[in-house]
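Visitor: Take this sequence and fold it.
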Amino acid sequence: MKNICILGSTGSIGTQTLDIIRKDPEGYKAVSMTAGHNIALFRQQLEEFRPRYAAVADMKDAVELARDFPKTAFGFGMNGIVTAASLVESDMVVNSLLGMMGIRPTYEAIKAGRSIAFANKETLVAAGSLIMAAVKEKGVSFIPVDSEHSAIFQSLQGSAGNPIERILLTASGGPFRGYTKEQLEKVTLAQALRHPNWSMGAKITVDSATMMNKGLEIIEASWLFDVPAEKITVLVHPESALHSAVEFADGSIIGQMGAPDMHIPIAYALSYPERIPGAGKRLDLAALGTLHFEKPDPEVFRCLGLAYSAIKAGGSFPCCMNAANEEAVAAFLKEKISFVQIADVVDHCLSHHDGRVLDSVDAVEELEKAVRSDAAAYIKTIA
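Guide: Predicted coordinates for the structure are as follows:
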C-alpha cells in the first residue's frame with residue numbers, strides 16, 4: 001500500500017490521480033488531500049476517500065467540513081497545504097497546484113523526506129536551484145507528471161551513463177497553430193480556451209495557446225535532466241502522439257508515445273518503476289496514420305522567444321517571467337487585456353528586472369509579489 005497526498009485534488013490532475021487510486025484501492029490510499037474553493041466536489045471526494053488530513057483555502061470552509069467529517073483533521077491556507085504535503089504517513093506527494101503557490105509545499109515536502117510526483121512546473125521554473133538542491137540533499141524521488149517530462153523520463157530508462165545529446169520537446173501547437181501575428185491580434189478568450197487535444201485548466205490552456213507553456217517546460221526540463229537550454233529543441237507535433245524524445249550521441253532517438261491521456265504519466269509516477277495495467281487509453285497507430293513535426297516561430301509566438309531570453313539571462317529572470325505571465329494570463333482571463341498583450345506584459349517585466357539572488361522560498365515569494373505588482377501596474381496602462 002502506497003500512501004498518497006494530493007495537492008489540488010479537485011483539479012484536472014488531482015481528479016485523474018483519484019481515478020487511478022479508485023481503480024486500485026489495495027495498492028494506493030489518499031491519506032491527505034487539498035482543494036481551493038470547489039467545496040462541492042471536495043465534499044464528494046472526502047466522502048469517498050476519507051483521508052486522514054485535508055486542507056482548503058478558507059477557514060470557514062475548513063470549520064464546516066470538520067464538522068461533517070469528524071474523522072478527518074482539517075487545515076486551511078498555505079499552512080494547511082504544507083501540513084498535508086509533509087504528513088508523516090505520506091509516501092508520495094502529487095503536486096498539481098496551480099502556479100507559484102506550489103513551491104513552498106513542494107520544498108517542505110522534500111525537506112520532510114517525501115517523494116514527489118509533480119505537475120506544478122512553476123516549482124522548477126521559479127525555484128529550480130533551491131528545489132533540486134533539496135532533492136539531492138534528501139535523496140527523494142522527484143518524478144514528473146507532465147506528459148512531456150514524463151516522456152523524457154521514460155525515454156531515459158536504461159540509458160544510464162549515456163549523455164543526452166538533445167531533448168526533443170514536443171508541443172501540440174495549441175488552437176492557433178499556423179496563425180500569423182495579425183491573426184493572433186484578433187483571437188478571443190473563447191478561442192484561446194479551445195485546445196484541440198487536451199482538457200486542462202484555463203491557465204495552462206492559455207499558456208499552451210501562447211506557447212509560454214513550452215517555454216516553462218524548457219526551463220523545467222533543463223533543471224530536471226541537467227541539460228542546458230540550447231540542447232532542448234521544441235517541435236510542434238499536432239497529433240500529440242509522441243510526447244517527447246531524447247537524442248543520444250550515436251544519433252539514436254528514443255521517445256515515448258501514447259494517447260493524449262494524462263492517466264498514463266500520472267500512473268507511471270505513482271507506480272514507478274512498474275507500470276499499472278490499463279492505466280489509460282490505447283493509441284491506434286494505424287488509425288493515426290501519419291505524424292507531423294514543425295518548427296515553432298518565436299517571432300509570432302512571442303512568449304516562447306521571451307522564455308528563451310529569460311533562460312539565457314538565468315538567475316531570477318525565469319522567476320520574473322513566470323510571475324509576470326501569471327498576472328498577464330489572469331488579466332486576459334478577465335478580458336482586461338488582449339491575447340497578444342500577454343507577451344507585452346511579460347516583455348515589460350523582464351525588461352525592467354535587474355536580477356537578484358533567490359536563496360530561499362521567502363526570496364522567491366518576495367520577487368513574485370514585486371513582479372506581480374509591476375505587471376498589474378503596467379496592465380492598467382494598456383488595458
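
Visitor: from what I can see Q45 touches T10, true?
Guide: Yes. With contact defined as CB atoms under 8 Å, Q45 reaches T10; the gap is 7.1 Å. Every residue, glycine included, has its C-beta placed from N, CA and C.

Visitor: which neighbours do these two share?
Guide: By CB atoms under 8 Å, 6 or more residues apart in numbering, Q45 and T10 have these common neighbours: A35.

Visitor: can you pull the buried residues of stretch 164-180?
Guide: 164, 166-177, 179 (16 or more other CB atoms under 10 Å).

Visitor: mind checking how far I219 is from K136?
Guide: I219 sits 18 Å away from K136, going by CB to CB, to the nearest Å.

Visitor: For the two, work out which one has more neighbours and name it.
Guide: I219 (27 against 11; other CB atoms under 10 Å).

Visitor: which SS class is that one?
Guide: Classification of I219 using DSSP: H, G, I helix; E, B strand; the rest coil returns helix.

Visitor: so what's it up against?
Guide: Residues in contact with I219 (CB under 8 Å, 6+ apart) are L124, V125, G128, A229, A307, A310, I311, P318.

Visitor: Please convert those to TSV, extending it with neighbour count.
Guide: Converted to TSV, the contacts of I219 look like this (neighbours: other CB atoms under 10 Å):
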residue	neighbour count
L124	27
V125	27
G128	18
A229	17
A307	32
A310	29
I311	20
P318	28
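
Visitor: Can you pick out the ones from these that are in strands?
Guide: Per DSSP state E, strands hold no members of the contacts of I219.

Visitor: How much space separates the nearest residue to E122 once chain neighbours are set aside from N120?
Guide: Once flanking residues are discounted, E122 sits nearest to M100: 4.9 Å by CB to CB, 6 or more residues apart in numbering. As judged by CB to CB, M100 and N120 stand 9 Å apart.

Visitor: So which of these two has more stuff around it?
Guide: Between M100 and N120, N120 has the larger neighbour count (other CB under 10 Å), namely 26 against 22.

Visitor: tell me which element that one is part of?
Guide: Using DSSP states H and E, N120 sits in no helix or strand.

Visitor: Starting from D344, give me the distance back to it.
Guide: 26 Å.

Visitor: Next, I143: secondary structure please.
Guide: Bear in mind the rule, three-state DSSP; under it I143 is strand.

Visitor: neighbours of it, just the number please.
Guide: Neighbourhood size, I143 [other CB under 10 Å]: 20.

Visitor: for R275, same thing?
Guide: When counting by other CB under 10 Å, one arrives at 12 neighbours for R275.

Visitor: Repeat that for A190.
Guide: Residues near A190, counting by other CB under 10 Å, number 8.

Visitor: in the host helix or strand of it, what counts as buried?
Guide: Assigned by DSSP H and E, A190 falls within helix 189-192. Neighbour-count burial for helix 189-192 flags A192 (criterion: 16+ other CB under 10 Å).

Visitor: Quick one: list the elements packing against that helix.
Guide: helix 202-210, helix 317-333 (3 or more CB pairs under 8 Å, 6 or more residues apart in numbering; DSSP states H and E).

Visitor: if you set the cut-off to 7 Å instead, what comes out?
Guide: The criterion is 3 or more CB pairs under 7 Å, 6 or more residues apart in numbering; DSSP states H and E, and there are no helices or strands that helix 189-192 contacts.

Visitor: In this protein, mark out all the strands, start to finish.
Guide: With strands called from DSSP E, the chain shows them at 2-7, 28-34, 53-56, 73-76, 92-95, 115-118, 142-144, 164-171, 232-236, 242-248, 253-257.

Visitor: Run me through the strand neighbours of the last one, direction for each.
Guide: Which is strand 253-257. Using DSSP bridges, strand 253-257 pairs in its sheet with strand 242-248 (antiparallel).

Visitor: Please save the CA atoms from the partner strand in PDB.
Guide: What follows is strand 242-248, C-alpha atoms only, in PDB (Å, rounded to 0.1, in the frame of the first residue of the first chain):
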ATOM      1  CA  LEU A 242       5.000  11.400 -29.500                       C
ATOM      2  CA  HIS A 243       5.100  13.100 -26.100                       C
ATOM      3  CA  SER A 244       8.800  13.900 -26.300                       C
ATOM      4  CA  ALA A 245      12.100  12.200 -27.100                       C
ATOM      5  CA  VAL A 246      15.800  12.100 -26.300                       C
ATOM      6  CA  GLU A 247      18.600  12.000 -28.900                       C
ATOM      7  CA  PHE A 248      21.900  10.400 -28.000                       C
END
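
Visitor: okay, the angle between it and strand 232-236?
Guide: Interaxial angle, strand 242-248 versus strand 232-236 (axes from the mean of the first three to the mean of the last three CA atoms, to 10 degrees): 150 degrees.

Visitor: which other residues reach strand 242-248?
Guide: The contact list for strand 242-248, computed with CB atoms under 7 Å, 6 or more residues apart in numbering, reads 147-148, 151-152, 155-156, 162, 164-170, 253-258, 291.

Visitor: Show the average pLDDT along it.
Guide: Averaging pLDDT along strand 242-248 gives 98.

Visitor: again, but for stretch 295-311
Guide: Mean per-residue pLDDT for stretch 295-311: 93.

Visitor: which parts of it are buried?
Guide: Buried, per 16+ other CB under 10 Å, within stretch 295-311: 296-298, 300-311.

Visitor: what's the average pLDDT for stretch 225-234?
Guide: In this model, stretch 225-234 has an average pLDDT of 95.

Visitor: I'd like the distance from it to the chain centre, please.
Guide: How far stretch 225-234 lies from its chain's middle: 18 Å, per CA atoms, centre = their mean, to the nearest Å.
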